[in-house]
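Trainee: using only what follows, build the 3D model:
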Amino acid sequence: MAAEMGMSQSVISRIWRAFGLKPHLLEQFRLSPDPQFIDKVRDVAGLYLTRPR
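Mentor: So this is what the prediction gives:
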């Protein structure tokens, strides 16, 4: 997922922790059916990549 999104594995891990996602505990990983999911993930990832000071 990190390579596909162009992000580091640590950023993806932080996002998963922030949302309580644990795909390693599921037999099948499922993305949210929310049509705005990708935009929301990018917003959260953007906060990690450009932290306010």
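
Trainee: so where's this structure shaky on pLDDT?
Mentor: By pLDDT under 70, the low-scoring segments of the chain are 26, 28-29, 52-53.

Trainee: quick check: closest non-adjacent residue to the residue most central in space within it.
Mentor: Nearest to the geometric centre of the chain sits residue 15, at 4.2 Å (Cα atoms, centre = their mean). Of all residues not flanking residue 15 in the chain, residue 44 sits nearest, at 5.7 Å (Cβ to Cβ, 6 or more residues apart in numbering). Glycine gets a C-beta too; all of them are placed from N, C-alpha and C.

Trainee: next, the buried residues of the helix or strand hosting the one you found.
Mentor: Taking DSSP states H and E as the criterion, residue 44 maps to helix 37-49. Within helix 37-49, the residues that count as buried by 16 or more other Cβ atoms under 10 Å are 41, 45.

Trainee: the helix or strand residue 15 falls within: which residues count as buried?
Mentor: Take DSSP H and E as the rule and residue 15 turns out to sit in helix 9-18. Across helix 9-18, burial judged by 16+ other Cβ under 10 Å covers 11-12, 14-15.

Trainee: and which of these is nearest residue 23?
Mentor: residue 12 (10.2 Å; Cβ to Cβ).

Trainee: residue 46 versus the closest one, what's the distance?
Mentor: To residue 46, residue 12 is 14 Å away according to Cβ to Cβ, to the nearest Å.

Trainee: how about residue 6?
Mentor: Residue 6 sits 12 Å away from residue 46, taking Cβ to Cβ as the criterion.

Trainee: next one: residue 37
Mentor: Applying Cβ to Cβ to residue 37 and residue 46 gives a distance of 15 Å.

Trainee: may I ask you to confirm that residue 11 is in contact with residue 17?
Mentor: No - between residue 11 and residue 17 there is no contact under Cβ atoms under 8 Å: 10.8 Å.
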